[in-house]
Structures are given as structure tokens and as C-alpha cells.
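Novice: next one to model:
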Amino acid sequence: MNTKDTILKKLGTIEYLDPKYVIKELSKLNTIKERVAQIKEMNKKHYDKFVQNLKTLSEEEQYYYYENKEYFQEHFFGSTLTEGMLVLQEPVFEKFFKSIKDSAEYKYEMNLYYAEVQFQKLITSSEFVDDLNSNLKNVHLEKRLNKLKEESDKSLMLYNDGILDKNKFTWTDSELYKYKEIFRVLNGDYSRKDIQPLSISSLWQAMRDHLFLRPYLENLLKENVTVSPGNLLIKHELNMFCRSMPLSIPKEHFRVFTLNNSSNGKPFLTEEQFSCFIDRAFCYNMEIPKQKFNQSPKGEKLKIQYVFRQFYENYCFEYFDSGNTQDLFIKLLTENFIGWDFHNVKNNFKTKPKIRI
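Specialist: Numbers count the residues shown, from 1 in each chain. Predicted structure coming up:
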């Protein structure tokens, strides 16, 4: 058997999705965030296994594979793949992402995805696992955590001193890039402003360390759990909608949907649906499907919608720099619940119902 046939046999156990099928599935979704989450799940089931199989090739076979990469990609994936933070089939990239690849939202979602990938690599690395399983586990954890706290404190100090103003430092200074991105991430700038990153590498590293790693370390120290590769992944409760807003605020505000009943006698949301909504809308766990309100056929849509209007009025100016963020609050409803059209909601977002929930 020649080298090509040997590689085809070794890698042939992974059946990747046809590009036409991927395009069809992504066409059902409306936002970059949702599409990235869907591709992420597809890659977990297919591409990640393919990569693991690649590692089983001999040195000679790997050399042959990369010399003829386009042929093998066409064979296994139905097309060549993009070389970027998120692995995509070329037709999928062309259809959904090529025209927006320079947009701030696309770069934000790509970096957030890549930051999580790098975070998972970090916490499953042999060095990290060895630290966690040593007799000095807490010492190692606290050392890592204190480093991140020092970074966040310094970024705030530099901001307060005006040093992070782009007019006051040389943009070739990598350290200031780093602290500027840390400040933006911790301040929630990327989740509420249409801004471009200053440095791609500084941005995903700031996201990895301060959105994923820091709360992970804090949880490990708090719970003092025994760590092994099988239980390294834990659920994070970060308000990705607005990093500076405690997650308790939306939980308390939207709890009304479980405490009050629709006119049909049942709660607007069950406890499980409520938890799914919070996880999807505020923690950006986009693998969770959209929920559906229990409501009477007529007369209750406006009551439900007004709860989101109240959330906007109560917290927009407290946690965001300007009032020009209404669309973000509307999307909390339209992007996380079935049967809600963004433009319809926006056209009567100010309308108050006669009776409120």
C-alpha cells in the first residue's frame, strides 16, 4: 500500500459534513454569534477527531499529507479549509463570513472562540495538570491568579492615568497594547461597542486569561476540588453581555417570568427554560437552543416585550457609556426566544401594556 492510500485509510474513519449541509444549517441562524457557535459544535464532533487522527501518522506520512493537503482536504471535507482561528470549509466562509471578515463583530466572535480554545489547551496541558495535582496546588493556583489580578489592576491604573489614550503612547509598545486590551475586555467594551481590536494576539490572550482562566482559578480555589483531566471543564458564570454587570442583575430582573403565570395558568418560563435563557443570552452558551415562552395566543406579547424594555431603561445608562445600545437589549429577546422578529419588536419597543407582568 502506497503512502497516499495508507493516509486515506488511517484518516478515513472521520466523516465530515458536506459543505452544502453546513450552509443549509447555518442559513437557519441569524447572527454571527449563533453561526460561530454552530460551527464550533460541528468541529467538536468531526474536525477535532480528524486532528487527533492526524497525530497518529508517522513523520513521513505527515510530511506527505501536508505536501498534498489540498487533495486530502477535498477528499475528507468536500473542499479546502480556511486557515484561521476557526476552521471553516471554503464555501461556508465565502457564503457567510468573507464579506464581514473585517467587521468588529466578526473579529470579536473569532477572538472569543479562539480564546476559549486556548484556555482549554492551557488547563489540560501537562504543566497545569501537574501543578493542580501537586502538594502545593493552592500555591500554584494563587500565583497564577495573583498575576492576573496585578494585570487587571495595572490596566485600570494606566487608564486612570490617561496613559492608555492612543494619543499618549507609541502604538508599537506591545505592553501597552496588552493592557489596553485587558482594560477593554474587563470593561465590557467589546460586548457593547463597535470597536476594532488594537492587537489580535493581545485581545485573545486578554480574553483567555481574564474571561476564562481567572474565574476558573477562583472557582478551583473556592471549591478546592481534586483535579484530573476528566473533570477539568467547569461551567463559567460570566456576564458576557456586559462584563461589568453582575449576573445576579439579569437573573433577578427576568425572574418575573417564572414567578408569574400566563393567563393560561402556567408560568411564562419554567425554571429550566429560565436557566437556559440566562446561560444563552448572558453567558453566551450558544449551543443551548432558543427557548419559547408559554403565552396565550393574543394579548401577552406586549407584556413579555415590556419586561425587556424595563431592563433597558433600568440598566442602559448605568452600565453602558451611551444610550445608543437599544438594539443590544432588543436582541436579548429576539435572539434567544422563538417567534420574535427584531424589526417588529423595535418598532413598538416603547409601547407600554395596560397590564404588566
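Novice: what average pLDDT does the longest helix along the chain get?
Specialist: As assigned by DSSP state H, the longest helix anywhere in the chain is helix 137-160. For helix 137-160, the mean pLDDT works out to 90.
Novice: just want the angle from the next helix or strand after it to helix 137-160.
Specialist: The first helix or strand that comes after helix 137-160 along the chain, using DSSP states H and E, is helix 174-186. If you take axes from the mean of the first three to the mean of the last three Cα atoms, to 10 degrees, helix 174-186 sits at 100 degrees to helix 137-160.
Novice: elements contacting helix 174-186?
Specialist: helix 137-160, helix 200-207 (3 or more Cβ pairs under 8 Å, 6 or more residues apart in numbering; DSSP states H and E). No exception for glycine: its C-beta is placed from N, CA and C like everyone else's.
Novice: contacts for it?
Specialist: 151-152, 154-156, 158-159, 163-164, 169-171, 189-190, 195, 197-199, 202-203, 205-207, 209-211, 243-244 (Cβ atoms under 8 Å, 6 or more residues apart in numbering).
Novice: about what we covered before: how far off centre is the longest helix of the chain?
Specialist: Relative to the chain's own centre, helix 137-160 is displaced by 23 Å; criterion: Cα atoms, centre = their mean, to the nearest Å.
Novice: just the CA atoms of it, as PDB, please.
Specialist: Coordinates of the C-alpha atoms in helix 137-160 are reproduced here as PDB (Å, rounded to 0.1, in the frame of the first residue of the first chain):
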ATOM      1  CA  LYS A 137      -1.700  23.100  44.400                       C
ATOM      2  CA  ASN A 138      -3.100  26.100  46.100                       C
ATOM      3  CA  VAL A 139       0.200  27.900  46.000                       C
ATOM      4  CA  HIS A 140       0.400  27.400  42.200                       C
ATOM      5  CA  LEU A 141      -3.200  28.500  41.700                       C
ATOM      6  CA  GLU A 142      -2.800  31.600  43.800                       C
ATOM      7  CA  LYS A 143       0.400  32.500  42.000                       C
ATOM      8  CA  ARG A 144      -1.400  32.400  38.600                       C
ATOM      9  CA  LEU A 145      -4.400  34.200  40.000                       C
ATOM     10  CA  ASN A 146      -2.300  37.000  41.600                       C
ATOM     11  CA  LYS A 147      -0.500  37.600  38.300                       C
ATOM     12  CA  LEU A 148      -3.900  38.200  36.600                       C
ATOM     13  CA  LYS A 149      -5.100  40.400  39.400                       C
ATOM     14  CA  GLU A 150      -1.900  42.500  39.100                       C
ATOM     15  CA  GLU A 151      -2.500  42.800  35.300                       C
ATOM     16  CA  SER A 152      -6.100  44.000  35.800                       C
ATOM     17  CA  ASP A 153      -5.100  46.500  38.500                       C
ATOM     18  CA  LYS A 154      -2.300  47.800  36.300                       C
ATOM     19  CA  SER A 155      -4.700  48.200  33.300                       C
ATOM     20  CA  LEU A 156      -7.100  50.300  35.400                       C
ATOM     21  CA  MET A 157      -4.200  52.400  36.800                       C
ATOM     22  CA  LEU A 158      -2.900  53.100  33.300                       C
ATOM     23  CA  TYR A 159      -6.400  54.000  32.100                       C
ATOM     24  CA  ASN A 160      -7.000  56.400  35.100                       C
END
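Novice: and the angle from that helix to helix 200-207?
Specialist: Inter-element angle recorded for helix 137-160 and helix 200-207: 120 degrees (by the same axes, to 10 degrees).
Novice: how about helix 137-160: buried residues?
Specialist: Lys137, His140, Leu141, Arg144, Leu145, Leu148, Glu151, Ser152, Ser155, Leu156, Leu158, Tyr159 (16 or more other Cβ atoms under 10 Å).
Novice: gap between the residue lying closest to the last one once chain neighbours are set aside and Ile288?
Specialist: Once flanking residues are discounted, Tyr159 sits nearest to Phe183: 5.1 Å by Cβ to Cβ, 6 or more residues apart in numbering. In this view, Phe183 and Ile288 are 30 Å apart by Cβ to Cβ, to the nearest Å.
Novice: what about these two, which has more around it?
Specialist: For Phe183 and Ile288, the more surrounded residue by other Cβ atoms under 10 Å is Phe183, and the numbers stand at 22 against 17.
Novice: quick one: low-confidence parts of the chain?
Specialist: Residue ranges of the chain with pLDDT under 70: 13-15, 166-174, 191-193, 223-238, 321-323.
Novice: domain assignment for it?
Specialist: The record's domain split for the chain, according to automatic domain parsing, is 3-99, 104-231, 248-347.
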